[in-house]
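Peer 1: Just the structure for this:
(2 chains, ligands or ions: 6)
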Amino acid sequence: MTAAELFALPFMQRALIAAVFTGLAAPVVGTYLVQRRLSLLGDGLGHVAVTGVALGLLTGTSPTWTAVVVALIGAVLVEVIRERGHTNGDVALALLFYGGLAGGVLVTGLGGQSASTLQSYLFGSITTISVSDVVATMVLAAVVVLLGLGLSPQLFAVAQDHEYARVAGLNVRFYNMLVAVLAAVSVTVAMRTVGLLLVSALMVVPVATSQQVARSFRVTLAAAMGLGLFASVGGLVVSAFASFHARVAPGPSIVLLALACYVVTWPMGAWLRRRARLRAPFADHVPDSADPDEHDISEQHTHDHGPDCGHVAVPHGDHVDYLHDGHRHAPHGRHYDEH
Amino acid sequence: MSQPPVLLRDGAVAVGGRPILRHIDLRVDAGEFVALMGANGSGKSTLVRALVGIRPLTAGRLQLFGTDLGRFHDWSRIGFVPQRGGAGSGVPASVWEVVASGRLTRRRLLRPMSRHDRTVVADALEVVGLADRARDGVSNLSGGQQQRVLIARALAGEPELFFLDEPTAGVDLPNQDALAGALDVLKQRGATIVLVAHELGPLAPLVDRSVVMRSGRIAYDGAPLGDQAVHDPLFGGMLDGMHSHHHVDHMHRSPHDVTPPMNAPLDRQPHEEGHR
Ligand SMILES: Nc1ncnc2c1ncn2[C@@H]1O[C@H](COP(=O)(O)OP(=O)(O)O)[C@@H](O)[C@H]1O
Ligand SMILES: [Mg+2]
Ligand SMILES: [Zn+2]
Ligand SMILES: [Zn+2]
Ligand SMILES: [Zn+2]
Ligand SMILES: [Zn+2]
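Peer 2: Ligands and ions are numbered 1, 2, ... in the order given. Below you'll find the model as predicted:
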């Protein structure tokens, strides 16, 4: 079968549409979660949503919508617990998450459903997605992207410094709740694509990758969306072609491709971080060159230090020190001082 | 006459049920540069955080620009520079982005930044001397530069009233001088400034009035004090005497009544009456 024939198949087209929307939406929320150091919230809500799926299967309603409702309730509960600032807050969250997962598995058993039905939600089954589920995915993903990008100045400010945001007149509680709600929605959007157990990966791994090399929030967010799109579409295509030879599930392929991107950018991130550390300004005392005790003249130089001399220049108070051979040399008149 | 930017009467703040601030009376008039001083843990940050509404008052009445805090919504008139925290956020942010977030008080929802917004952000960066670092990540700056980013963020909202919590702590002298220059510009523009500082250093010439805190109360409110005076054993001894006086007769008097040589707060009593 050729690529053209493969993508002419209706189920494959539905899967591609779902992959595009999911790949763009999940990293948007993921960026705000990582910024607030809540990377695992998506994972937790994914666990809670299992109960929602099970309830849907039990009652014969659409598992997508029951999962949305239960994940939303979970998100609101999490936010309330967090806002209380209770010292056992994270334990309460753990209880909620594991309760959600265990409850889901239990309810599925009660309903007499086979474990394999639930499994398609746990690990994703993008190629079996129905038309109505594609529409739901598109609508929910569009809502997440529009709110996440439209309100990005506010969401950025709240996540960056919530006390400052409050003094700026923003309703911090509302925006925190909004992020939790958007996270719950993304979890259910990504449920069919990568599955509830791997949802968090699609939300967080692209962000972790883009923040390796980005210096600004906007670039991080845009690159994360690009990487999310690449991973979800790429993972789907890879698994589709591979499935001629072996059973390859799209969900894990998508997540592994996202992780591969992370691994590829890691050396670059490590190099940039090392470079930034090396160039971090010295905060120690600036020797007073007028004070004979502090004025320490270095020996003769064979070249002039300057912006292009090739030595690392590190800001130090009102001047720069040039680093070489374990020395810090600051220009002073016609010679260099040891700093 | 216009309303004072800050008017707090008999304010008290408790944190986790523990009373931290008691019986705070503070009035700051338009255009004043007030230095809020005192030892670590004396309650300076708590007072500033109460004045901007982050910490609720457990007693007393706070008015900003003549409006009770509960009904105050004119947040664009207020600029807040928090005490610098160690932890940044989990995602990179550029200097420009952090400063631009200070513009939010004047932007409408779902509207892109206007050209004017961008000009103001660029000006704010210029004032603190970081125009050339706009594209850099905040986490790559030194502590003093990060402090100046937070000041620029407050500047970007073009507020009339500034609260700065220890902007000079842990900042080297060249950065302190740059900061003094920036605050001088603000003062010339007619801003009202409440500045928390343990040591004033190069900011000393800007100060119109000193308020000294001690154990959650205002121990002095009057003419500017040098750094030495705040730590002066003589002065400290006098304040200690006042402190024990409070305990002996258990009268909750305003510190103004018992601080003998300070005239500035007493001078203001008459027109304070006028507002009631
Ligand atoms: N979040 C908090 N939780 C508990 N105690 C606090 C908190 N913030 C401040 N305090 C207490 O309030 C007192 C005043 O603190 P603070 O206002 O930070 O002082 P300053 O800024 O003058 O150093 C201190 O005794 C401190 O322990
Ligand atoms: Mg403090
Ligand atoms: Zn050199
Ligand atoms: Zn040097
Ligand atoms: Zn040298
Ligand atoms: Zn020299």
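Peer 1: C-alpha from now on. contacts and neighbour counts both.
Peer 2: Noted.
Peer 1: Chain A against ligand 3: which residues are in contact?
Peer 2: With Cα under 5 Å from the ion as the criterion, chain A meets ligand 3 at residues A:305, A:309, A:311.
Peer 1: Show the contacting residues for residue 145.
Peer 2: Unless you meant another one, I'm taking chain A. Going by Cα atoms under 8 Å, 6 or more residues apart in numbering or on different chains, A:Val145 touches A:24-25, A:28.
Peer 1: wrong one, I was asking about chain B
Peer 2: B:Gln145 makes contacts with B:130, B:175, as judged by Cα under 8 Å, 6+ apart.
Peer 1: Tell me if it really is in a strand.
Peer 2: No. Counting by DSSP: H, G, I helix; E, B strand; the rest coil, B:Gln145 is not found in a strand; it is helix.
Peer 1: Helices of the chain, start to end?
Peer 2: No chain was given, so I picked chain A. A:3-8, A:10-35, A:41-59, A:63-84, A:89-110, A:115-122, A:131-150, A:152-160, A:162-167, A:172-194, A:199-213, A:217-242, A:250-278 (DSSP state H).
Peer 1: try chain B instead
Peer 2: Assigned by DSSP H, the helices in chain B fall at B:44-51, B:95-101, B:115-127, B:143-156, B:173-188, B:227-231, B:233-249, B:255-258, B:264-275.
Peer 1: one step back: out of the contacts of A:Val145, who's the most crowded?
Peer 2: Neighbour counts for those peak at A:Ala25, which has 33 neighbours (criterion: other Cα atoms under 10 Å in any protein chain shown).
Peer 1: Ok, which of the helices of chain A comes nearest B:Asp172?
Peer 2: B:Asp172 lies closest, by Cα to Cα, to one member of the helices of chain A: helix A:250-278, at 19.2 Å.
Peer 1: thinking again about what came up before, quick one: the helices of chain A as TSV, columns for mean pLDDT too.
Peer 2: As requested, the helices of chain A are exported to TSV (pLDDT from 0 to 100):
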stretch	mean pLDDT
helix A:3-8	84
helix A:10-35	95
helix A:41-59	92
helix A:63-84	90
helix A:89-110	85
helix A:115-122	84
helix A:131-150	95
helix A:152-160	95
helix A:162-167	93
helix A:172-194	93
helix A:199-213	94
helix A:217-242	96
helix A:250-278	93
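Peer 1: Out of those helices, the one nearest B:Leu57 is which?
Peer 2: helix A:162-167 (15.5 Å).
Peer 1: and the closest one, does that touch chain B?
Peer 2: Yes. Helix A:162-167 comes into contact with chain B (Cα under 8 Å from any Cα of the partner chain), by way of A:163-164, A:166-167.
Peer 1: Just give me the closest of those to ligand 6.
Peer 2: Closest to ligand 6 out of those is A:Tyr164 (44.2 Å), distances taken as Cα to the ion.
Peer 1: Please tell me how far the residue sitting nearest the centre point of chain A sits from A:Ser243.
Peer 2: Nearest to the mean C-alpha position of chain A, by Cα atoms, centre = their mean, lies A:Val204 at 2.7 Å. The gap separating A:Val204 from A:Ser243 is 27 Å, by Cα to Cα, to the nearest Å.
Peer 1: count of neighbours near the residue of the stretch 151-276 of chain B found nearest chain A?
Peer 2: Here the stretch 151-276 of chain B gets closest to chain A at one residue, B:Pro174, 6.1 Å apart by Cα to the nearest Cα. When neighbours are defined as other Cα under 10 Å, B:Pro174 has 16 of them.
Peer 1: tell me the contacts of the closest residue to ligand 6 within chain B?
Peer 2: Residue nearest to ligand 6 within chain B (Cα to the ion): B:Pro174, separated by 19.0 Å. Neighbouring residues of B:Pro174 by Cα under 8 Å, 6+ apart: A:317-318.
Peer 1: OK, contacts around B:Val34?
Peer 2: Counting by Cα under 8 Å, 6+ apart, B:Val34 has contacts B:28, B:193-195, B:207-211.
Peer 1: thinking again about what came up before, as CSV, the helices of chain A with distance to B:Val81 would be great.
Peer 2: Shown next, in CSV, are the helices of chain A (distance: least, Cα to Cα, whole Å):
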stretch, distance to B:Val81
helix A:3-8, 56
helix A:10-35, 21
helix A:41-59, 30
helix A:63-84, 23
helix A:89-110, 29
helix A:115-122, 46
helix A:131-150, 26
helix A:152-160, 14
helix A:162-167, 8
helix A:172-194, 18
helix A:199-213, 27
helix A:217-242, 21
helix A:250-278, 26
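Peer 1: which stretch among these comes nearest ligand 4?
Peer 2: Here helix A:250-278 is closest among these (Cα to the ion), at 14.5 Å.
Peer 1: by contact count, what packs against that closest one?
Peer 2: If contacts are counted by 3 or more Cα pairs under 8 Å, 6 or more residues apart in numbering or on different chains; DSSP states H and E, helix A:250-278 sits against helix A:172-194, helix A:199-213, helix A:217-242.
Peer 1: Present those helices as TSV; the columns should include distance to chain B.
Peer 2: Converted to TSV, these look like this (distance: least, Cα to the nearest Cα, whole Å):
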stretch	distance to chain B
helix A:172-194	11
helix A:199-213	6
helix A:217-242	5
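Peer 1: which stretch among the ones you listed comes nearest B:Gly70?
Peer 2: Between these, helix A:172-194 lies closest to B:Gly70; by Cα to Cα that is 16.0 Å.
Peer 1: and the angle from the closest one to helix A:115-122?
Peer 2: 130 degrees (axes from the mean of the first three to the mean of the last three Cα atoms, to 10 degrees).
Peer 1: Could you export helix A:172-194 as PDB, CA atoms only?
Peer 2: Taking Å, rounded to 0.1, in the frame of the first residue of the first chain, the C-alpha atoms of helix A:172-194 are listed here in PDB:
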ATOM      1  CA  VAL A 172      -5.700  35.300  39.900                       C
ATOM      2  CA  ARG A 173      -8.200  32.700  41.100                       C
ATOM      3  CA  PHE A 174     -10.100  32.800  37.900                       C
ATOM      4  CA  TYR A 175      -7.000  32.400  35.700                       C
ATOM      5  CA  ASN A 176      -5.700  29.500  37.900                       C
ATOM      6  CA  MET A 177      -9.000  27.800  37.600                       C
ATOM      7  CA  LEU A 178      -9.000  28.400  33.800                       C
ATOM      8  CA  VAL A 179      -5.700  26.700  33.400                       C
ATOM      9  CA  ALA A 180      -6.900  23.700  35.400                       C
ATOM     10  CA  VAL A 181     -10.100  23.600  33.300                       C
ATOM     11  CA  LEU A 182      -8.100  23.800  30.100                       C
ATOM     12  CA  ALA A 183      -5.800  21.000  31.300                       C
ATOM     13  CA  ALA A 184      -8.900  18.800  32.000                       C
ATOM     14  CA  VAL A 185     -10.200  19.600  28.500                       C
ATOM     15  CA  SER A 186      -6.900  18.800  26.900                       C
ATOM     16  CA  VAL A 187      -6.600  15.500  28.700                       C
ATOM     17  CA  THR A 188      -9.900  14.400  27.200                       C
ATOM     18  CA  VAL A 189      -8.900  15.800  23.800                       C
ATOM     19  CA  ALA A 190      -5.600  13.800  23.900                       C
ATOM     20  CA  MET A 191      -7.300  10.700  25.300                       C
ATOM     21  CA  ARG A 192      -8.200   9.200  22.000                       C
ATOM     22  CA  THR A 193      -4.800  10.100  20.500                       C
ATOM     23  CA  VAL A 194      -2.200   9.000  23.000                       C
END
